[in-house]
Each structure stands twice: as C-alpha cells, then as structure tokens.
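Student: What would the 3D arrangement of this be:
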Amino acid sequence: MNIFTKPHLFRLALQLIAVHSFAVGVGLIVLPFGTLSWLGFTVDPYRFFSTQGGVFHIVMSVAYILASRELMHSRSLVVFIIIAKWAAFLFLSLYFLFSEMVPVIALSAIGDGLMGLIVLFFYLELDRIENQRENS
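Tutor: All right, here's what the predicted structure looks like:
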C-alpha cells in the first residue's frame, strides 16, 4: 500500500506542516530573548529578524492551508512549497555547517528537508495518477 497515493493523507500532511510553521512563527515573534538564546539563536536586541522570520512562517502556513484545500488544482502552489522547503533545507544546512553549529538549526534543516520530501512524494504520486486517468 502506497500512502503517497492517498489525497486525504496529503491534505493532512500539508495541514500538519501548516500547524508546525504557524507555531514556529508565533514562537519567533513572542518568545522572550532568553528562550531564543537558550535554543542557540543569536538574539537580535531589536527583535526585527526573529519577528520577520516569524511573520514569514505564518504567511507560509497560509500557503500550506490553501494548497491543502485544493491539492492538485494548485499545482504551482505545491511546487512553490516544495521549492521553499528545499531552499530552507539548503540554507539551514549550509548555515549550520559554515556559520553556527547550533543543534536546533541542524534539526530544523532535517525537518524542512523531510517535509519537502513528503510533499514531493505526494505530489509526484498524485500527479502520476491524474496523468494516468487523463490518458486512459
């Protein structure tokens, strides 16, 4: 049984990614300096970049929800999500390797990479199934 052929599981995966992104976004905006530094982040005393990152995560959570509602009718949005997750994976991996070896950055890279793979696998399988339907 291939789980990546199940639209309801794809929808659930996108919704869970949305919840994760929203929570990270809110955390980046509201967590106190001490908590962010305890997680290993260099704290911006003005909170601009952590707030900007938080807003970005919240906006992305909206994209995940929109894609989950239409699934394969929003192919461009799903492709954008895959690109965004892989860009985050690459950025975080390189940042971890060449700038700050903070464990939470490595975990975030792994998480974004896995989320990107999950979305990619669902997309490829469901796209294949739709193409087969159209060609038969």
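
Student: Now tell me what touches stretch 41-48 from outside.
Tutor: Residues from elsewhere that reach stretch 41-48 (Cβ atoms under 8 Å, 6 or more residues apart in numbering): 33, 36-37, 50, 100, 102, 104. Backbone N, C-alpha and C define where each C-beta goes, glycine included.

Student: same question but for stretch 114-130, I mixed them up
Tutor: Contacts of stretch 114-130 (Cβ under 8 Å, 6+ apart): 2, 4-5, 7, 9-10, 13-14, 17, 20, 71-72, 75, 78-79, 81-82, 85-86, 88-89.

Student: Tell me where the chain has helices.
Tutor: Along the chain, the segments classed as helices by DSSP state H run 7-30, 33-38, 48-70, 75-98, 103-135.

Student: Present the ones you listed as TSV; the columns should include mean neighbour count.
Tutor: Shown next, in TSV, are the helices of the chain (neighbours: other Cβ atoms under 10 Å):
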stretch	mean neighbour count
helix 7-30	17
helix 33-38	13
helix 48-70	17
helix 75-98	16
helix 103-135	16
